[in-house]
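Engineer: my questions are about this predicted structure, shown below with the sequence.
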Amino acid sequence: MIRKPITINLSTGLEAKPVAQLVQVASKYRSEIFVEVGKKKVNAKSLMGMMTLGLDAGEEITVSANGEDEESAMTEVEQYLSMAN
């Protein structure tokens, strides 16, 4: 299992379209991927779950990945969240 703090660098934060794209990225992997902020922990493959977080640009989250492809999953999720757009 990998856990990593990541700062959201998307200028719009995680609104509808960026959340949908993040869910697509996470769903490519077999590993379980979760996003945590405060006391909330949400499955990164769940569109509705991710929408409940309402994350803004500059916020720090913790992403965890657990499974056979956790390293590549974490790398791609981090790259997506760190993109400047």
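Structural biologist: All right, it came through fine.
Engineer: what sits against residue 51?
Structural biologist: By CB atoms under 8 Å, 6 or more residues apart in numbering, the residues touching residue 51 are 16, 19. Just so you know, the C-beta spots here come from the backbone N, C-alpha and C atoms, and that holds for glycine as well.
Engineer: ok, residue 36 touching residue 62?
Structural biologist: Yes - assessed by CB atoms under 8 Å, residue 36 is found in contact with residue 62 at 4.3 Å.
Engineer: would residue 63 count as being in a strand?
Structural biologist: Yes - inclusion of residue 63 in a strand is indicated when DSSP: H, G, I helix; E, B strand; the rest coil is applied.
Engineer: quick one: neighbours of it, just the number.
Structural biologist: 20 (other CB atoms under 10 Å).
Engineer: so what pairs up with it in the strands?
Structural biologist: Beta-bridge pairing of residue 63 under DSSP bridges involves residue 4, residue 35.
Engineer: show me where this protein dips below the pLDDT cut-off.
Structural biologist: 84-85 (pLDDT under 70).
Engineer: helices of that one, start to end?
Structural biologist: 16-27, 47-51, 70-82 (DSSP state H).
Engineer: for the ones you listed, which one sits closest to residue 7?
Structural biologist: helix 70-82 (7.5 Å; CB to CB).
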